[in-house]
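Undergrad: 3D model of this:
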Amino acid sequence: MDKEIRKIIEDMDFLKGIYRELITILPSFNITDKKVLPYGLKPHTRSVSWLVEQVITQQTKYRKRRLGLDDVKFDMPATCLHDCEIKVGKEIYYINVKIHNIDKRENKNDIAAVEKLYMQYSSNPSYNLIYACFGIAFKGINISFDADYLCLFSPQFLPIYVNPRNDKIQAYYHHKPIYRTRNQFFKRTSERVNKYSIKIRSLRMEEILNKIFNEDILNGIDRIPDNSVDLVLSDPPYCLGKDYGNNSDKRKPKDYLEWSKKWIDAVIPKIKNTGSFYIFLTWQYSPEIFSYMKSKLIMINEIIWDRRVPSMGGSTRKFSSVHDNIGFFVKSRKYYFDLDSVRIPYDPETKKARTRSIFAGKKWLEVGYNPKDLWSVSRIHAQDPEREDHPTQKPLKIVERIIKASCPEKGVVLDPFMGSGTTAAACAMLNRDYIGFEINEQYCRIIQERLEKLGKDTPLFSLENEPEEKDNEKIEEVLTLKFGDN
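TA: So this is what the prediction gives:
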């Protein structure tokens, strides 16, 4: 048997032992007992199955020492394929928890969206998803586990069937495994994807507006229809070796420039003819990238952002760098631009000094002056109330200025590198729609929390509508009553 296949089988056997032990510790529970959820009920829980899955993941973390585990993480964004991560030594196991009511007939169930599974496996060679399916029985408000039903399986070993209506891989939870290497799985999945024409497709705009996709922009850009975006506001890695929780800013200069051309080329077709494209860069690479973009678009401005870095120390072999370069490009000369929305009001002394008759009735004196192409706005300091846990967060003031000037109200802003979510927050406050991509799951959680503070309930990270389960309605009423104060 192939070494790779044998490793997955060993992982499943190991995890099965952990979950058998967990069922022994907690063979049954009352769903109204808050103690079964030591870390609290997850918001937006809409079914008993969701609650049971939370009980399993939270109890695994709560009893990690007894189970011999180093750590368990379960607070995953909704677009994650896995519900929790179990760490033992250097090994990390990615688990998706499934529930089956043993009193009901077993049907083919949705396992995963084929595009997400295929891309996650393609982009991360160390990612191996394991499904853990628990059999449960309902007795009033008590739920018990059936130890004989517990099964673990790998999507790599699934008898792949793709439902052409919803792009889901479907299978029975109990099935005879088909042992495949990852490459064999790719080949088989690709065949099915092509057969049903379920490559990543352009979704209707209403399905992707005000969503953050936890994936690489190059993998997900085809979700967005061409000529649909009013403004691209991009703040890509600068190739300066910053730590974004991955290697995205640690490319070699040549590779960085080639990668920049790829994502720029992918984004340009999505912009409307009246749309604009802003890009934040550092002086080290802005000449090459601006030059390339000028072969594709019309350059309107190079804006210099003075970060107001204090004069303390700095280099002794060159002038200290205290600015970022912002390129402003458009697709045509008919681009949208609202200067009045970003004019800076004159102070009273200036207005008083210009009371001569030649200035009487001048609009610019009343509404303010053009911000020009030198923007002096302080960077986000560690103690700034706007500060999030991100190394290169851009000030809301700058992002708001760009959005106001270059995107009409109810227009669409695309941010290919959402980071801490400043673009999404600005759009939420300015009555604009947004579409964002962010590969770091932790940053996705920051964005979600940031928008929740603004009172925005739009479901983030969802690619599909979550299924509404209608079973056990009486039990769900009890859940609402008992957990509603959390």
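
Undergrad: and the residue nearest to the spatial centre of the chain, how far is that from Glu441?
TA: When C-alpha atoms, centre = their mean is applied to the chain, the residue found nearest the centroid is Asn214 (2.8 Å). Separation of Asn214 from Glu441 (C-beta to C-beta, to the nearest Å) stands at 6 Å. Backbone N, C-alpha and C define where each C-beta goes, glycine included.

Undergrad: and what of Ala147?
TA: In this view, Ala147 and Glu441 are 32 Å apart by C-beta to C-beta.

Undergrad: Name the residue in these two with the higher neighbour count.
TA: Neighbour count, other C-beta atoms under 10 Å: between Ala147 and Glu441, Glu441 has more, with 17 against 13.

Undergrad: Check what pLDDT the more buried one gets.
TA: At Glu441, the model reports a pLDDT of 86.

Undergrad: Check whether it really touches His82, as I assumed.
TA: No: the pair Glu441 / His82 is not scored as a contact, 10.3 Å apart, by C-beta atoms under 8 Å.

Undergrad: Give the residues shared as contacts by these two.
TA: Common contact partners of Glu441 and His82 (C-beta atoms under 8 Å, 6 or more residues apart in numbering): Met76.

Undergrad: Who are the contact partners of the closest residue to Lys64 other than its chain neighbours?
TA: Distance criterion C-beta to C-beta, 6 or more residues apart in numbering; nearest residue to Lys64, sequence neighbours excluded, is Val72 at 5.3 Å. Counting by C-beta under 8 Å, 6+ apart, Val72 makes contact with Thr57, Thr60, Lys61, Lys64, Cys84, Glu85, Ile86, Lys87.

Undergrad: What's the mean pLDDT across the one helix or strand Lys397 maps to?
TA: Taking DSSP states H and E as the definition, one finds Lys397 inside helix 396-406. The pLDDT scores in helix 396-406 average 97.

Undergrad: remind me which residues of the stretch 51-200 of the chain are low pLDDT?
TA: For the stretch 51-200 of the chain, the stretches flagged by pLDDT under 70 are 77-79, 112-115, 123, 160-169, 190-200.

Undergrad: Show residues contacting the next helix or strand after the helix holding Lys397.
TA: Going down the chain from helix 396-406, the next helix or strand is strand 412-415, by DSSP H and E. The contact list for strand 412-415, computed with C-beta under 8 Å, 6+ apart, reads 205, 209, 224, 228-235, 267, 270, 403, 407, 423-424, 427, 432-437.

Undergrad: pLDDT of strand 412-415, averaged?
TA: For strand 412-415, the mean per-residue pLDDT is 97.

Undergrad: in its sheet, what does it sit against?
TA: Strand 412-415 sits in its sheet next to strand 229-234 (parallel), strand 433-437 (parallel), going by DSSP bridges.

Undergrad: sorry, back to before: emit the ChimeraX select command for whichever of the contacts of strand 412-415 are buried.
TA: Under the burial definition 16 or more other C-beta atoms under 10 Å, those of the contacts of strand 412-415 that qualify are selected in ChimeraX by:
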select :224,228,229,230,231,232,233,234,235,267,270,403,407,423,424,427,432,433,434,435,436,437
